[in-house]
Structure formats: C-alpha cells, structure tokens
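In: fold the following.
(2 chains)
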Amino acid sequence: MVVRFVLQFDRISLPEDSPALRAEVREFLAAESEHLARPNSDFGTGHDPAFSRKLGARGWIGMTWPKQYGGAERSFFERYVVTEELLAAGAPVSAHWIADRQSGPLLLRFGTDAQREAYVPPIARGESYFSIGMSEPNTGSDLASVRTTAKRTGDGWLINGTKLWTSEAHRNHYMITLVRTDAPSDNRHAGLSQIIVDLKNDGARIRPIRNIAGSEDFNEVVFEDVLVPEDRIVGEPGNGWQQVTSELAYERAGPERFLSAFRVFVELVRAAGEAPEPQLAAAIGRIAAHLMALRRMSISVAGMLEDGQSPEVEAALVKGLGNDFEKLLPEVARLAVPTGPGAEHRRFRQTFADTLLLSPAFTIRGGTREILRGVIARGLGLR
Amino acid sequence: MDTRQLLIDTAERIFSDHCDKAVLDAAERGEFPERLWNVVRENGFHELAMADSGVDLKDAFAVIRVAGRHALPLPMVEILLANRWLQSSAELAVIGRLEGDRIADVPWAGNAKRALGIDWEGADGVSTSVSVEEIGTARNVAAESRDGLPVMAGAQPLGLNEPAFEMLALGRVASMAGCLERILELSLQYANEREQFGRPISKFQAIQHNLAIVAGEVAAASRAADAAIDALEGDRFALEVAAAKARVGEAAGIVAESAHQVHGAMGFTHEHQLHHFTRRVWAWRDEYGNEAFWQERLGRHLAGIGAEKVWDFLATRG
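Out: Just a heads-up that it's a prediction; the model follows:
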C-alpha cells in the first residue's frame, strides 16, 4: 500500500485588481504617518481607536460583510490585501482586529437579526471592539474543560467563573464568552454556549496582567453573579463548541500568522545597506525565501475558503509553520548583525527588542504549536 | 482533465511500473538503465521541454517532479533541457558545468553521444561530442553519475537566449519537491506499520510531532516549487528560482533527517528504499547552487531594492 500525501495547497494568486487596492492602502498609510511612529507588525500590538475609526471610514473593517450591516461586500482576497498591507507597515490594528476577524463574522453567522443590527455596524465603523473569552485558569489548550457557568434565570443569564489571558478586555467593549450552560456530560463538547458580555457595564471584574514586555494587554476577567440579559446568547444554547471551532480555518491561516516579526526584517534590510557582506545578504535571502513560500500557502488557504472548502488541517499547518517562522526571523536577523565596535544599528536593535519580547506569544496564542501539530498529525492519519 | 494532470498521471503510472529498487540499485552500481531509458523515449518524455513538443514548458517541469517522486535514475533535468537547447532528440545528450575547456558534473557521460557545458555566469554554453576515453568518472552522494570530460575540437556555442543556469536549478527544485513528498509518504507508512511497546509508533506523540514538522516542510517546498515553475519565462523567474532553491534546499535537510529518525536502524540499511530518496535530496540541494548561494543572490537583490521597497517586492502578485 502506498500512502499518498493528502495536504493540498492550490496554486492560487491574488486577483488581478489587487494592485489598485494595495496602492490605495499605501497612500492612506503614508497620510496617516502620525499613527505609525513605532511600527510593529504584531496584530496584538498598537491599540489606537482613532486609527481604527479611520480604517472603518474607508470601509476596511468588515470588508466582506453585507452592506446592510455596514460591510463593503468585497471579496476575501481584498480583505487579505488590506490586512497584509496594514501588518507589513506595522500599523496599530489591535483595537478592532478581533472584532473584524472573528466576532463580526460569528455574529453574522450565528447571531439573531437584532444582534446583527445592534453589534455589527459599530464594528465596521471601527468604533466597537471585542475580546475572545475562551481560556480560564484551568483551561488553555483543552478548551472543552471550561468551568465558567451561565444559568438561565427569569431575568437572563447568571454568569460565574473566571476567564484568563483575555487580550484587551480592559480596553474593549464586549467579550464573546464561552460558558457552560449545561452540566458536563460524557460528551465533553456538549452544553457549551457563547454569550456576549458588555465589559463596561455588566459588572465583570477586569484585572490587567503585566506581560514580559512590561505592558498590560491581557487580563483576568472575574464573574461573580454577573447577570446579563437573555438576548445576549449567540446561536443555540449548547451549540458553543461547533461555533468556536467553525471559524478556525479563518483564524489560523491569515497573514497575521507569519508577519508578526516583519518589521525586524525591514530594519535588517535597512541595516544591511545597498551592498551587504555575503552572510548578511544570505540572512536576508533566507528570510525572504521563507516568507514568499508562507505567503503563498496562506493565500492558497484563503482561496480554498473563498471556494467554500474547509481546509482545517492546511490552516493549522500554515499557522504552525508561520508562527515558527515568526521566531526564526528575529533570530536569523540578530545573528546577521554582529554586535561590537562599529555601527550601532539602533533602529534595528529597537525593533528587534520590541519583537523579541512579544515572541513567546507567537506560538501560543490562537492554538499552541503542540495543539497544531496534533491537528496536522490527525490530518496525516496518524491519530 | 487538463494537460498537466494527464501528463502527471501518465508519468506516475509509467515510472511506478518501470522504476523499482532493483533498477535503482543497478544504476547506482554504474549500470546505465537502458530499459528505463527506452520506456522514457517510447513515451516521448525526453522531448517534453522541446519548443515544438506541443507541451507547455511548465508541464515538462511537472513531469520532472514526478520523476523526482520515483528517484528515477535518469538525469531527466539534463536530458530534457539538453534536447530543448539542441533542438534535437536524436541522440542521448546531457548537461554539465562548463569550466574553461572542461565540463564537470556530467551525468552518464560514457553513455551520452553529446554533452552541453553550461557557463553558470555567462549564461551561454557549448555543445561537444563525447570521447569515451577521456571521461573521468565521479558520483554525487546519491551515487548518481557526475563525470568530467574535455570540450572536444569542433564544439559549437549554444547561443542560448534563456536563463539556462536558473532553469537547471529549477529542475532540481522540481525533482526535490517530488522526492520530498515521497519521503514523507514513506515515513507515514513506516510509522503506521512499525510496532513498539504494543502499538504502531505513529501513536506516540513525539513521532506525530516530528511527522507534522516534516509535513510542514514538504508542503512549503511543494508550494515554493510550484511558484518557481509558474514564474518560468516571466520577469521574476531568476528571483523566484532563488527563493525556491533556498527554501526547498532547507526543507530537504530537515525532512531527510527526520525521516531517518522515524525509520530507525531499518532506514539506515542499504536494503531499505528510503536512502534512494534521502541521498538524492542531500545531493540535489547542493547542485546548481546550494541554499547559501541562492539566499545570498536573493538577499543582494533585496538589499539593492532597499528597506522601504522590500515589502512591495514580496507582495507582488504571483
């Protein structure tokens, strides 16, 4: 018996009209240089509501959504062009990023008409920001083990429990919270639901947690008898697991999964000058060769999604490979620029340091390297 | 079904039927695979890259990739491109690197009637007859024939008007992509069959993770190879080949290493077929420029473009 390799990355390119849109985004970014004082390609860095509102005004948030809900009804590829341009420039996108990528599409797919009308248009305007309430003190990779509960009462849902590592909960407006609405049973994936929590008004206690970079981006969110209205539930009660897993391919293969360290590369090229030594040139070429392959794989997945397929394993593979590259890039760059007497390359060192301190998160957030390898192994028929 | 898929399926079937371990072992002992060569000729594979073949040049490279999947012990890259550049398939012609008045790394020089020497830097080359008495035989780490011979009196300049060196490198890229895919498949198969501690070793997480890494490298190599093939005859061809040869070469080392680890001592034996594939990618990553060579070339180009424009290069459609 001959085993055939099953993963497929179709030869897909971005459509012909993408250069025009690309140029439009670059022109916009050039005019908004005040928002790009310290460029960082990490999607989780740079909370800038003013910038997000400007993007919303251009129609670059919720680009693929129906016009009825503030979207622009553009293609998934066009969204790809805009998002990769923003990341490559190091623009501050963290405020709206999750709402645009995840919460809006979730509400459009599973939400009620009233929820769509209430929550989605402000997201598209760049005014309303969402967090993802999944992890807990005892729930990380094993998501089905969540213990936060929501009990139906006459007045709504009564929530108790703790969410942890919730990015931007202290700044954002809402959190779509994964809770247990039925007691655990033999089917671990049953009895979970998603509920919208108003982070400013519902009474959840939010405590920022300092990270190794010294900044406060993720949080602990504690619920003690927090009551939210009945109509905050998203989709059918008990359907939470299907809902959180349905969007994984969209979450996992986008440009934010391999571009987080990109500004280090830009600064490496700057430090190299026009005619670098062979080793330094080779470092630049090595990084570029990785990046070119990854970007094409990511676009292949985008194309498969646009085509209505569900390339879950391919998406996990791109994320795994992309996240590892995000850590390889700064390391290759670091060793290509010797420290010692001579040029300081201050701008390179600063950008490198900014990225280095964020880098441990690259292979943890959105599915750890180990979880992704498990998904790939299953796709290869090993599990 | 499109032409390319039809060609790939046909090649897959024919190479499966005519290239087994016995054929590979014989070739590695130095016996020219005459029967396989006849099969290749009967099916016209050796003419696929010729201008009048009626087949897109990109499809010819897709067939080279299938040959790589089977570790075909014929120098398909050198045969197909020699016939293209000679505009003739009348006799067995192969290609090596022109170094002054000698040609190095010529596969099966003793069986060829004609050898082309390609100047890697000057982008042209010569076509010479072969004098069997003056051949110095040599092999690469895959025991593939890589002979040396003199340029004979009466040799003709080729007058090439395409990037020959880059096209040869693309040949290795395509071959490696196919070969790496096969190495993954062999590893998956072995991991599912081999039992230790009462279960297939594929059930151990450490093995699963190693194979997941291999799958990632193979997928990246495959996509990089496709992109470089698609760039044939385009403006960016030389740079796409640089990126692909660098990326696929890097994947080759990781994949071969992990495949041997998964196969244990079994894969270290000459009797097992794994080494026919792993030794080839080890050899091919170094031929027509290794990773360091192509990384430097690509890196120099990007440094010349400058920091502000480097993203524009990377994001160009294709």
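
In: count of neighbours near the closest residue to A:Arg369 other than its chain neighbours?
Out: Counting by CB to CB, 6 or more residues apart in numbering or on different chains, A:Arg369 lies nearest to A:Thr363, which is 4.3 Å off, once chain neighbours are set aside. Glycine gets a C-beta too; all of them are placed from N, C-alpha and C. The number of residues packed near A:Thr363 is 19, by other CB atoms under 10 Å in any protein chain shown.

In: ok, now which ones touch A:Thr363?
Out: For A:Thr363, the residues meeting the contact criterion (CB atoms under 8 Å, 6 or more residues apart in numbering or on different chains) are A:Asn323, A:Asp324, A:Glu326, A:Lys327, A:Arg369.

In: enumerate every residue touching the second one.
Out: Right, A:Asp324. A:Thr363, A:Arg369 are the contacts of A:Asp324 under CB under 8 Å, 6+ apart.

In: isn't B:Gln208 right up against A:Arg383?
Out: Yes: counting by CB atoms under 8 Å, B:Gln208 touches A:Arg383, with 6.7 Å between them.

In: got the contact list for residue 274?
Out: Since no chain was named, I'll use chain A. B:Ala303, B:Gly304, B:Gly306.

In: I was after chain B.
Out: So B:Leu274 contacts B:Ile183, B:Leu186, B:Ala259, B:His260, B:His263, B:Gly267 (CB under 8 Å, 6+ apart).

In: for the residue nearest to it when sequence neighbours are not counted, give me the pLDDT.
Out: Nearest non-adjacent residue to B:Leu274, counting by CB to CB, 6+ apart: B:Gly267, 4.3 Å away. B:Gly267 is assigned 97 on the pLDDT scale.

In: show me how chain A divides into domains.
Out: Per automatic domain parsing, the domain ranges recorded for chain A read A:18-128, A:132-238, A:247-379.

In: out of the contacts of A:Thr363, who's nearest B:His276?
Out: A:Asp324 (29.4 Å; CB to CB).

In: can you give me the helices for chain A?
Out: Counting by DSSP state H, chain A has helices at residues A:18-31, A:49-58, A:76-89, A:94-98, A:104-110, A:113-124, A:240-246, A:248-252, A:262-272, A:278-306, A:312-336, A:346-358, A:369-379.

In: ok so, going back, how many other residues sit next to the residue nearest to B:Leu274?
Out: B:Gly267: 18 neighbours (other CB under 10 Å).

In: which strand in the chain runs the most residues?
Out: Went with chain A since none was named. Identified as the longest strand of chain A according to DSSP state E is strand A:216-228.

In: oops, I was thinking of chain B
Out: strand B:93-99.

In: in its sheet, what does that one sit against?
Out: Here strand B:93-99 has these sheet partners by DSSP bridges: strand B:102-106 (antiparallel), strand B:114-118 (parallel).

In: I'd like the average pLDDT over the last one.
Out: Spelled out, it's strand B:114-118. Throughout strand B:114-118, pLDDT has a mean value of 98.

In: how about the first one?
Out: Confidence for strand B:102-106, expressed as mean pLDDT, is 98.

In: dump that strand to CSV, restricted to CA.
Out: The C-alpha coordinates for strand B:102-106 follow below in CSV (Å, rounded to 0.1, in the frame of the first residue of the first chain):
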residue,chain,number,x,y,z
ARG,B,102,36.3,21.0,-19.4
ILE,B,103,32.8,20.1,-18.4
ALA,B,104,32.2,18.9,-14.9
ASP,B,105,29.3,17.0,-13.2
VAL,B,106,28.0,15.4,-16.4
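
In: hmm, who's touching that strand?
Out: B:78, B:94-97, B:112, B:115-117, B:128, B:138, B:140, B:145-151, B:287.

In: do the last one as well
Out: By CB under 8 Å, 6+ apart, the surrounding residues in contact with strand B:114-118 are B:82, B:85-86, B:91-99, B:102-103, B:106, B:109, B:124-130, B:149, B:151, B:158, B:164-165, B:168.

In: do stretch B:233-242 as well
Out: Taking CB under 8 Å, 6+ apart as the rule, stretch B:233-242 contacts A:285, A:289, A:292, B:57, B:162-163, B:166, B:169-170, B:173, B:227-228, B:230-231, B:294-295, B:297-298, B:301, B:316, B:318.

In: got the buried residues for that stretch?
Out: B:Phe237, B:Ala238, B:Leu239, B:Glu240, B:Val241, B:Ala242 (16 or more other CB atoms under 10 Å in any protein chain shown).

In: centre of the chain to it, how far?
Out: Distance, stretch centre to chain centre, for stretch B:233-242: 17 Å (CA atoms, centre = their mean, to the nearest Å).

In: start and end of that stretch, how far apart?
Out: The separation between the terminal residues of stretch B:233-242, taken as CA to CA, to the nearest Å, is 15 Å.

In: and B:Ile135, its phi and psi?
Out: Reported as degrees, to the nearest 10, the phi and psi values for B:Ile135 are phi -90, psi 130.

In: check the spacing between it and B:Asn111 real quick.
Out: Distance, B:Ile135 to B:Asn111, using CB to CB, to the nearest Å: 10 Å.

In: quick check: pLDDT value at the closest residue to B:Asn111 other than its chain neighbours.
Out: Nearest residue to B:Asn111 in three dimensions, chain neighbours excluded: B:Phe32, at 4.5 Å (CB to CB, 6+ apart). pLDDT, B:Phe32: 98.

In: before we move on, the earlier item: and the longest strand of chain B, which residues are buried?
Out: In strand B:93-99, counting by 16+ other CB under 10 Å, buried: B:Ala93, B:Val94, B:Ile95, B:Gly96, B:Arg97, B:Leu98.

In: what pLDDT does the last one get?
Out: Per-residue confidence (pLDDT) for B:Leu98: 97.

In: for B:Leu160, see how far away it is.
Out: 12 Å.

In: anything in contact with each of the two?
Out: Common neighbours of B:Leu98 and B:Leu160 (CB under 8 Å, 6+ apart) are B:Gly125.

In: you'd agree A:Phe110 is up against A:Gly235?
Out: Yes: contact criterion CB under 8 Å: A:Phe110 and A:Gly235 qualify, at 3.6 Å.

In: find the residues that touch each one of the two.
Out: A:Gln194, A:Gln243.

In: list only those of the contacts of stretch B:233-242 flagged as buried.
Out: Judged by 16+ other CB under 10 Å, buried ones among those: A:285, A:289, A:292, B:57, B:163, B:166, B:169-170, B:173, B:227-228, B:230-231, B:294-295, B:297-298, B:301.

In: contacts only, for the single nearest residue of the stretch 1-150 of chain B relative to chain A.
Out: In the stretch 1-150 of chain B, the residue found nearest to chain A is B:Ser16; the distance is 8.5 Å by CB to the nearest CB. Going by CB under 8 Å, 6+ apart, B:Ser16 touches B:His70.
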